[in-house]
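Q: no sequence on this one, just coordinates:
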């Protein structure tokens, strides 16, 4: 079932803080400006239903919640699909820890149609008792503080008890994650439903997004992988189509640059990525950016048209792993907008 609201007139959405209160300035539109929508709504993909039990009950699992926002005037005929990182949910794209507009609003005002998912077990995608061996998936606040760019968060120096860190983790799931295979299948179903599209993958959302693209290559115009897990493609090979198939017990070797890659005399290519350009983007204040040159090497070796860029070089210096949440998120949003526009233009 698709639930939707059609905005015939201009519609303004108020940015909310993580605690649910209105943004401090209280003004319509916020930092990104007022939003004028032609449509918005939500639906589910991926639901799997059990056979009726003795009492006639049917149960469901593996469903993924998808919401969509369409600006009144679209500038692009190819939408973005936003896939959140670990411990978060779709609301990661809504607001910052101090209540300012998030990337969602900047993307909409740039003219992109958006689909935003809650990976199964996060946000509005309900958990099932058989997810994750029953283990909780909440991200500890100390990890958020470690990954954040302190100079671009409201308090500056951060601890695990900082107010902005607390404001960010209120959206962290406390239920088990369904796993990347389920999420990948659900994102693939979404691509089949709405594609072609550009996938925007953040952090732990990478594996499921890469696996989904392998299933639906004809519906992926390109991928922006923001410090996304699995970007070396070799560590997630079981969900990808290599030609020839990687040998059983495959182990990567170390090249001259210290990167884990395939042996030069036995290179397999990712055939379903032949027409999917991938942009890896790193944050100058994130320790995760250090591993991206090796991810790029592994991707290019497998035949992917991959490139590596940095927020710092593209107009958003000082950015960290949670660029969408930081004080300069307007600058980092512009970088993402430009990259998405570049991928869409290349698809023409």
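A: Structure received. Not measured: the values here are computed from a predicted model.

Q: which stretch of helix or strand covers residue 300?
A: Using DSSP states H and E, residue 300 maps to helix 292-301.

Q: list the buried residues in that helix.
A: Within helix 292-301, the residues that qualify as buried by neighbour count (16 or more other CB atoms under 10 Å) are 292, 294, 295, 296, 297, 298, 299, 301. In short, each C-beta sits where N, CA and C put it, glycine included.

Q: going by distance to residue 107, which of those residues wins?
A: Of all the buried residues of helix 292-301, residue 292 has the smallest distance to residue 107: 23.1 Å, by CB to CB.

Q: just to revisit the earlier point, what residues does the helix holding residue 300 touch?
A: 227, 231-234, 252, 255, 257-262, 267, 278, 280, 282, 306-308 (CB atoms under 8 Å, 6 or more residues apart in numbering).

Q: which helix or which strand is home to the residue lying closest to residue 158 once chain neighbours are set aside?
A: Distances taken as CB to CB, 6 or more residues apart in numbering place residue 145 nearest to residue 158, at 4.3 Å, with adjacent residues excluded. Per DSSP H and E, residue 145 falls inside helix 141-147.

Q: before we move on, back to that, please indicate which of the contacts of helix 292-301 are buried?
A: Buried among the contacts of helix 292-301 by 16+ other CB under 10 Å: 227, 231-234, 252, 255, 259-262, 278, 280, 282, 306, 308.

Q: residues contacting the top helix by length along the chain, please?
A: Determined from DSSP state H, the single longest helix within the chain is helix 329-347. By CB under 8 Å, 6+ apart, the surrounding residues in contact with helix 329-347 are 31-32, 76, 78, 80, 96, 100, 102-103, 106-107, 110, 112, 196, 198, 200, 221-222, 224, 226, 277, 279, 281, 309, 311, 314-316, 319, 323-324, 326.

Q: turn the buried residues of helix 292-301 into TSV, including pLDDT and distance to residue 44.
A: Converted to TSV, the buried residues of helix 292-301 look like this (pLDDT from 0 to 100; distance: CB to CB, whole Å):
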residue	pLDDT	distance to residue 44
292	97	34
294	97	37
295	98	32
296	98	35
297	97	38
298	97	34
299	98	32
301	97	38
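
Q: in CSV: those, plus distance to residue 205.
A: Shown next, in CSV, are the buried residues of helix 292-301 (distance: CB to CB, whole Å):
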residue, distance to residue 205
292, 16
294, 20
295, 15
296, 19
297, 22
298, 19
299, 17
301, 24
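
Q: widest-spaced pair of these?
A: It's 292 and 301 that sit farthest apart of these, by CB to CB, at 14.7 Å.

Q: so what's the residue count around residue 146?
A: 15 (other CB atoms under 10 Å).

Q: wait, what's in contact with the nearest residue to residue 302 once chain neighbours are set aside?
A: Residue nearest to residue 302 in three dimensions, not counting chain neighbours: residue 270, with 4.6 Å by CB to CB, 6+ apart. Listed by CB under 8 Å, 6+ apart, the contact set of residue 270 reads 214, 233, 240, 241, 242, 243, 302, 303, 304.

Q: can you tell me which of those residues are in helices?
A: Going by DSSP H, the helices hold residue 214 from these.

Q: nearest to residue 165 among the contacts of residue 270?
A: residue 233 (31.8 Å).

Q: most centrally placed residue in the chain?
A: residue 83 (2.6 Å; CA atoms, centre = their mean).

Q: sorry, back to before: report the buried residues of the helix holding residue 145.
A: Of all the residues in helix 141-147, those buried under the rule 16+ other CB under 10 Å are 141, 144, 145, 147.

Q: burial of the spatially closest residue to the first one that is not a sequence neighbour, as a residue count?
A: Going back to what we said before, that points to residue 141. Leaving out its chain neighbours, the residue that sits closest to residue 141 by CB to CB, 6+ apart is residue 160, at 4.1 Å. As a burial measure, residue 160 scores 14 neighbours (other CB under 10 Å).

Q: residue 160 and residue 144, how far apart?
A: Note on residue 160: its distance to residue 144, by CB to CB, to the nearest Å, is 8 Å.

Q: same thing with residue 106?
A: Residue 106 is 22 Å from residue 144, by CB to CB.

Q: residue 189 too?
A: 31 Å.

Q: what stretches of the stretch 51-200 of the chain score poorly on pLDDT?
A: Where the stretch 51-200 of the chain drops to pLDDT under 70, the residues are 134.
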